[in-house]
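Asks: attaching a predicted model along with its sequence, questions to come.
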Amino acid sequence: MMKLTEKERSVLTALQCGIEPVARPFRGLALPETEVVALLQRARAAGLIRRFGGVFDARRLGYQSILCAMDPAGRDLEAVAAVIARHPGVTHCYERRPLQDAAGYPALWFTLAMLREAFDEGLAALRAQLPGERLLLLPALRRFKIDVVFDLRTRDRDEQVPGGALALPESSPAACPLNDRERALVRLLDELDPVSARPFDQVAGRLGQPVREVTARLQRWRQQGLLRRIAAVLRHREAGFTVNGMCVWSVGPEAVAAGRRVAACRAVTHCYQRPRLEEFPFDLYAMIHAASRPEAVRLYQEITAACGLPPGMMFVSLREFKKTSMKYFSDAT
């Protein structure tokens, strides 16, 4: 892992929470602006930071996403994963296996995200490339917690959710119609690179717009919930959190209350309610990250007990076949 001073850890933790869309967004951190910029560049080069840019609510941009799972029984798992990973709408693809001694569960897990008007066609195209495979579709029904922040000072995971844990129906927000210039701004915010002390000056220059107009629009987008934050996104393995576990429970009518309790746990980074299927009879999902498998098991057991949940299962990611950030308004998606 990249060697960091205490101040550098503090700055990288703060940068995950986001910067303000103002002329000099790096002022007021634990290091001078020039050192913050240098730290970002060094962390990118070392692989600690995956990207530095805008984190959007994909649904407000007009996108639809879904968690998918399958068990390619009798077929080469790597070959099937390669087919899935080539699809332009797939952002994440993992091999996940239960820690408990259990068989018959999906081994390949991936996320498909595309513009709503192209989603059905994109899903059909993927199905056509996987003939004979049973594809489980697990859309989020409610989200309770999203957007992980790794505290590099305390080695903890946390996301501050204003007002406590959420319980928002996933279909609730309407898409915000964007014109061509606004879509261009979204694309430019995908990656603020090279980083400078005045990153929005660069964005405004490329758009041919006054910087005050650009920052004012970003402020409005934040108020509307379209833009969650402009932040550093870390690679959790390089940050020392080498094990990630998908914890699942079957809670039925208690899903909202149970989801709120689970989301309030600091170790939980994402928490959703999803449909319970015959092939996968769980409806409450939570992601945790840990430095080791024993720690992950301990966290899972503590969450289950503290939240009064029935026995569930934890699936650990064994292989990562694809992990990319969403490229909004690209030709492919």
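Replies: Structure received. Residues are numbered from 1 along each chain as shown.

Asks: would you map the strands across the stretch 201-333 of the chain?
Replies: With DSSP state E, counting those that start in this stretch as the criterion, the stretch 201-333 of the chain has strands at 227-234, 243-249, 268-273, 284-290, 313-323.

Asks: who touches the first one?
Replies: When you say that, I think you mean strand 227-234. 12, 15-19, 21, 25, 40, 43, 48-57, 147, 150, 189, 192, 218, 221-222, 325 (CB atoms under 8 Å, 6 or more residues apart in numbering). Yep, even glycine has a C-beta here, placed from its N, CA and C like the rest.

Asks: same check, this time on the second one
Replies: Defining contact as CB under 8 Å, 6+ apart, one finds that strand 243-249 is touched by 96, 99, 109, 236, 258, 280, 282-293, 295-296, 299-300, 303-304, 309-317.

Asks: equivalent analysis for the shortest one, please.
Replies: Applying CB under 8 Å, 6+ apart, the external contacts of strand 268-273 come out as 140-148, 157, 159, 165, 170, 255-256, 259, 262-263, 283-289, 303.

Asks: now the phi/psi pair for residue 127, please.
Replies: phi -60, psi -40 (degrees, to the nearest 10).

Asks: before we move on, back to that, which among the contacts of strand 268-273 count as buried?
Replies: 140-148, 157, 159, 165, 170, 255, 259, 262-263, 283-289, 303 (16 or more other CB atoms under 10 Å).

Asks: quick one on the thing from earlier: only whichever of the contacts of strand 227-234 are buried, select them in ChimeraX.
Replies: Entered in ChimeraX, the line below selects the buried ones among the contacts of strand 227-234, by 16+ other CB under 10 Å:
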select :12,15,16,18,19,21,25,40,43,48,49,50,51,52,53,54,55,56,57,147,150,189,192,218,221,222
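
Asks: coming back round to it: reformat the strands of the stretch 201-333 of the chain as a markdown table; add distance to residue 123 and mean pLDDT.
Replies: Supplementary listing: these in a markdown table, determined by distance: least, CB to CB, whole Å; pLDDT from 0 to 100:
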| stretch | distance to residue 123 | mean pLDDT |
| --- | --- | --- |
| strand 227-234 | 25 | 93 |
| strand 243-249 | 21 | 95 |
| strand 268-273 | 19 | 94 |
| strand 284-290 | 20 | 95 |
| strand 313-323 | 17 | 95 |
